[in-house]
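What follows is a predicted protein model with its sequence.
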Amino acid sequence: MRVSIACIVEGRGEMQAVPCLVRRVAQDHDQTLRVATTMILGSAGEIADERQLKKLVHAAALKSGRLDGVLIIRDSDGRCPKELGPQILEWASSVAGGRPVEVVIAKNEYENWFLAGAPSLAGFKGLPAKLQAPRSPEDVPDAKEWLAHRMPQKDPYSPARHQLAFTERVDLSMARARSASLDKCIEKILRLLSSLSTSRQAAAPARQRGGRN
C-alpha cells in the first residue's frame, strides 16, 4: 500500500532527514506500507505564522498532486512545545481539506534526538568511541554545538552534511526512551500512518465496486 505525506520542515538538513525518519517508522510499523514524502521548506518564523503556514500547506497540496496527509516538524527553539504545537495544528488543519495533520515540536532541536541516542552513534563520523548521552538530552540548549564539539575540527557537525546520516544510524528505540519529544514524534507519525492506511483500505472496496458498475 502506498500513501503520500507532505512534510513541512524548517531546515535543509530536515529536507533529507525527515523522509528517512518517516520511512524508518513506517517500516517498523508495517513492512507493506510505502510512504511517498513531498518536502516543503519553510523558516521557523513562517511555520509559526498563521498566514505563512497556510501558504505552505497550500503549496504542499499543489506540489504533491495526490496528498493523503500532512506532517509538520520544527524545533521549539526555547518555546514551549505544548503551546506552539496546538496552535500550528489548528492553523494547518483549517486548510488541509479534511486530510489528517500531525505537528511535531522537537525540544529544543531535532539534534537533541541524536543526543538521546548518543551511544548508538559512538565512533560514527568521528564521534568518540565511548560516547554517552548527556543526563538530560532534551535540555541541552544547542545540540548542534554539542555534536560539533565532539567531532573532528576539520569536519564538525553540519545539518546539511550529517543530519541524514545520523537519522539513518541512531537507535530510535534507545533515543525515544530518553526523549519525550521523539517518543511523541514517533507516536504521531504512527497515528498518521494508521489513519491513512485505514482510509485507503476503506476506499479500495468502493473503487472496486465503482469499476464493476
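Looks like it came in fine. Numbering: from 1, shown residues only.

Just the endpoints, please. Distance across stretch 33-46?
Length of stretch 33-46, first residue to last, Cα to Cα, to the nearest Å: 31 Å.

what does it contact?
Stretch 33-46 has contacts (Cβ atoms under 8 Å, 6 or more residues apart in numbering) with 1-12, 15, 18-19, 22-23, 26-27, 52-53, 55-56, 59-60, 63-64, 67, 74-75, 77, 193, 197. C-beta here means a position set from N, CA and C on the backbone, and glycine is covered the same way.

Mind listing what's buried along that stretch?
33, 35-40, 42, 46 (16 or more other Cβ atoms under 10 Å).

So which of those residues belong to helices?
Judged by DSSP state H, helices contain the following of these: E46.

Could you tell me which of the buried residues of stretch 33-46 are located in strands?
Among those, the members found in strands (DSSP state E) are 35-40.

Apart from its chain neighbours, what residue comes closest to L71?
Counting by Cβ to Cβ, 6 or more residues apart in numbering, L71 lies nearest to C7, which is 4.9 Å off, once chain neighbours are set aside.

hang on, that neighbour is in a helix, isn't it?
No. Checked against DSSP: H, G, I helix; E, B strand; the rest coil, C7 lies outside a helix; its state is strand.

so where's the chain uncertain?
200-213 (pLDDT under 70).

Go again with 50.
Applying pLDDT under 50 to the chain flags the ranges 206-207.

Break it into its domains for me.
Domain segmentation of the chain under automatic domain parsing yields 1-107+179-213, 110-178.

Can you report how many residues neighbour S173?
By other Cβ atoms under 10 Å, 11 other residues sit near S173.

correction: R191
Around R191 there are 13 residues (other Cβ under 10 Å).

give the contact list for the nearest residue to it once chain neighbours are set aside.
Counting by Cβ to Cβ, 6+ apart, E102 is the residue found nearest to R191 once chain neighbours are left out, at 6.5 Å. The neighbourhood of E102, defined by Cβ under 8 Å, 6+ apart, consists of 69-72, 89, 188-189, 191-192.

secondary structure class for E102?
Assignment for E102 (three-state DSSP): strand.

Buried subset of the contacts of stretch 33-46 as a ChimeraX selection?
Restricted to buried positions by 16+ other Cβ under 10 Å, the ChimeraX selection for the contacts of stretch 33-46 reads:
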select :3,4,5,6,7,8,9,10,11,15,18,19,22,23,26,53,56,59,60,64,67,74,75,193,197
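
Next, the contact list for the residue lying closest to V35 once chain neighbours are set aside, please.
Spatial nearest neighbour of V35, chain neighbours left out: A26 (4.8 Å); criterion: Cβ to Cβ, 6+ apart. Residues near A26 by Cβ under 8 Å, 6+ apart: 33-35, 189, 193.

L127 too?
With Cβ under 8 Å, 6+ apart, L127 has these contacts: 118, 121, 147, 150-151.

cutoff 7 Å now
By Cβ atoms under 7 Å, 6 or more residues apart in numbering, the contact list for L127 reads 121, 150-151.

So which of the residues you listed wins on neighbours?
L121 (23 neighbours).

part of a helix, is K184?
Yes. Assigned with three-state DSSP, K184 falls within a helix.

Do a quick rundown of the strands in the protein.
2-9, 34-41, 69-75, 101-106.
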